[in-house]
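# Output the structure for:
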Amino acid sequence: MKLPEFSVSRPNTVLMIFLALALFGGISLSRLGIDMLPEIEPPAISVVVPYPGASASDVESDVTKYLEDQLSTVNNLDELNSISKDNLSVVTCKFDWGTDLDVASNDVRDKVDLAKPDIEEHAPDAKEPFLFKFSSASAPIMVVAVNATESWKNLYRIVDKQIADPLKRVKGVGAIVIYGGLRREISVRFDRERLAAFHLSTDDIVRILKAENLDMPAGNIKMGRINYILRLRGRFQSPEEVGAIIVGQHRGRPIYLRDVANVQDSFQEEKMKAWANGKDGVIFIIQKQSGQDSFQEEKMKAWANGKDGVIFIIQKQSGENTVAVCSAIRQKLEDLKKILPSDVDIIIPMDNSEFILNSVRNLAKTFLVSAVLVVLVTILFLRRLRASLIVILTIPFSIIIAFI
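The predicted model follows:
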């Protein structure tokens, strides 16, 4: 029996089949992931080598050259590009489309290992090379700005420990990158005349500080059925403890660090600042260039029309639903606001889920308008309701089945 004969002779069976397909299509639609763009992983791998304090020419001759010599022999390599700038070397390997990047990563890692001896010989201060693979899944899905007045000095720690750490435990959240804020630092400023008078050097004192600032295991003690693990806590807890470290002796008397240096509880030099304006949703991040004395703070504040803040960018895990992750983040932020200091203000200048939901709503409106126009045009030309109904139902059923 052919399909048309089967459909005519068993209309109820055919109707049940179509209703089942519509049901499965509706269930599939509710489980489809929603995102702005499909996940795309370009066939490219970058090797990044930080080289602090080096000029672009030194980076080119001492690091980039040796990486290029080795990476040029990688299998399936289509193009090799490099960028040498102050303090940084980036060599990018572009492969043919369809190349297995997991296999290519192993090949690149092997070639980098071959280049390491030459790099260590000519650039001993260069940092360990690391590999970077770009993917559309690594694009930020949300930007959050945090402002505070009285809590400004501790705002970075608040964001890092009380906001970012809980958000990392939200299902689907990947990396969180924080910009701006004051980061605590115990500064030790030496008095050269006192160091010379006591015949001390800064290198010796630095070694002593490193040796004293350690937590070490000290074995275990077994008493009956109970086994106690011993641990020596030696990390500094306050600037006063740092100043009380003995760094030498003079005429039989101990020399404390506070005798030859000024120990202060302060903050690291700001190399990056962030501004945020909650009214307009404007954010602004600027990194200070080497040798620049200030950020031209007033000029930047006037430009951003905002105030100092801490901004962090959230990335999702690969394969997760952007809308669901952003919704969970917003809910978590609302819960965290209850335990944060009252002067801390959280703003969300960018949320990709809003663009996605707007696009879906626009698509739904377009679909409804198109469906109405199809119905009108079909009835107008066929002028038979029953025949028109067959054509009218065919289009939405085709779309619904596609969801499966």
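
# Tell me which residue is most central in the chain.
With distances taken as C-alpha atoms, centre = their mean, residue 175 lies nearest the centre of the chain, 3.6 Å away.

# okay but that one is in contact with residue 317, surely?
No. Contact criterion C-beta atoms under 8 Å: residue 175 and residue 317 do not qualify, at 9.1 Å. C-beta coordinates here come from the backbone N, C-alpha and C atoms, glycine included.

# any idea which element the residue nearest to the centre of the chain lies in?
In this assignment (DSSP states H and E), residue 175 forms part of strand 173-179.

# Export that strand to PDB, keeping only CA atoms.
What follows is strand 173-179, C-alpha atoms only, in PDB (Å, rounded to 0.1, in the frame of the first residue of the first chain):
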ATOM      1  CA  VAL A 173      29.900  29.500  34.900                       C
ATOM      2  CA  GLY A 174      33.500  29.200  33.600                       C
ATOM      3  CA  ALA A 175      36.200  31.800  34.100                       C
ATOM      4  CA  ILE A 176      35.700  35.200  35.900                       C
ATOM      5  CA  VAL A 177      38.300  37.900  35.200                       C
ATOM      6  CA  ILE A 178      38.400  40.900  37.500                       C
ATOM      7  CA  TYR A 179      39.600  44.400  36.600                       C
END
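
# name the helices or strands packed onto it?
Packing contacts for strand 173-179, counted by 3 or more C-beta pairs under 8 Å, 6 or more residues apart in numbering; DSSP states H and E, involve helix 165-168, strand 307-316, helix 322-337.

# what does that strand contact?
With C-beta atoms under 8 Å, 6 or more residues apart in numbering as the test, strand 173-179 has contacts from 138, 156, 159-160, 164, 167-168, 272, 274, 285, 310-318, 325, 328-329.

# Now do the same for the residue nearest to the centre of the chain: its pLDDT.
Residue 175 carries a pLDDT score of 87 in this model.

# Give me the distance between it and residue 332.
Residue 175 is 16 Å from residue 332, where distance means C-beta to C-beta, to the nearest Å.

# Would you map the strands across the stretch 1-150 of the chain?
44-50, 77-85, 88-95, 130-132, 140-147 (DSSP state E, counting those that start in this stretch).

# Select, out of these, the one closest to residue 351.
Closest approach to residue 351 among the strands of the stretch 1-150 of the chain (C-beta to C-beta): strand 140-147, 5.2 Å.

# So what angle separates the directions of that closest one and helix 322-337?
20 degrees (axes from the mean of the first three to the mean of the last three C-alpha atoms, to 10 degrees).

# For strand 140-147, list the C-alpha coordinates in PDB.
Only the C-alpha atoms of strand 140-147 are listed here, as PDB (Å, rounded to 0.1, in the frame of the first residue of the first chain):
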ATOM      1  CA  PRO A 140      32.000  37.000  27.700                       C
ATOM      2  CA  ILE A 141      28.300  36.400  28.400                       C
ATOM      3  CA  MET A 142      28.000  39.100  31.200                       C
ATOM      4  CA  VAL A 143      29.800  42.100  32.500                       C
ATOM      5  CA  VAL A 144      29.200  43.100  36.100                       C
ATOM      6  CA  ALA A 145      30.400  46.400  37.700                       C
ATOM      7  CA  VAL A 146      30.600  46.900  41.500                       C
ATOM      8  CA  ASN A 147      30.900  50.300  43.200                       C
END
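
# Same question for the helix or strand that it is followed by: list its buried residues.
Using DSSP H and E, the helix or strand that directly follows strand 140-147 along the chain is helix 155-157. Neighbour-count burial for helix 155-157 flags 155, 156 (criterion: 16 or more other C-beta atoms under 10 Å).
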